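[1] What follows is a predicted protein model with its sequence.
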Amino acid sequence: MSDKNREIVEKINAAFAEGNTEGFLGECTDNVEWTIVGDKTVYGKDNIREFMKEMEGSEPPAFSADRIIAEGDSVACYGKMTMKGEDGNAADYEYCDLYGFTGDKISWMRSFVVKVKDEGAETAAGTAG
């Protein structure tokens, strides 16, 4: 089961990279729950589809999956990504996505996304005045 779930996560990562919402949703249960920690929880395929439409028009994030860990009915995936921030400029982030499976479908997700600090700007600000 773990290997199959890992393959599904690899498949949805490819769908995300292509901006393929339906490719992602095809691997989910109808009542899937997606929590973006610190931001919102979206329930069900239809609501996730609408949520993702809000992001259409912007290019999909460029990301790497540095490690995928699968055990039983759970998978964890973490890595780096670059996407447009609220200001419209590209910014670097690190993420960790946790997935829970019911059968061979994703039934819940938890996404932890953190913007990487610009060390140069922080250092310059820390030495000013």
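    Right, received. Where do you want to start? Numbering: from 1, shown residues only.
[2] so where's this structure uncertain?
    For the chain, the stretches flagged by pLDDT under 70 are 56-58, 85, 119-129.
[3] what about the strands in it?
    28-36, 40-43, 62-71, 74-84, 90-102, 105-115 (DSSP state E).
[4] do you know which of those strands lies nearest residue 2?
    strand 62-71 (4.0 Å; C-beta to C-beta). C-beta here means a position set from N, CA and C on the backbone, and glycine is covered the same way.
[5] List the buried residues in the closest one.
    63, 65, 68, 70 (16 or more other C-beta atoms under 10 Å).
[6] Same check on stretch 104-111?
    Residues of stretch 104-111 classed as buried: 106-111 (neighbour count, 16+ other C-beta under 10 Å).
[7] measure the nearest residue to residue 83 once chain neighbours are set aside to residue 49 for me?
    Excluding the flanking residues, the one nearest residue 83 by C-beta to C-beta, 6 or more residues apart in numbering is residue 61, at 3.6 Å. To residue 49, residue 61 is 18 Å away according to C-beta to C-beta, to the nearest Å.
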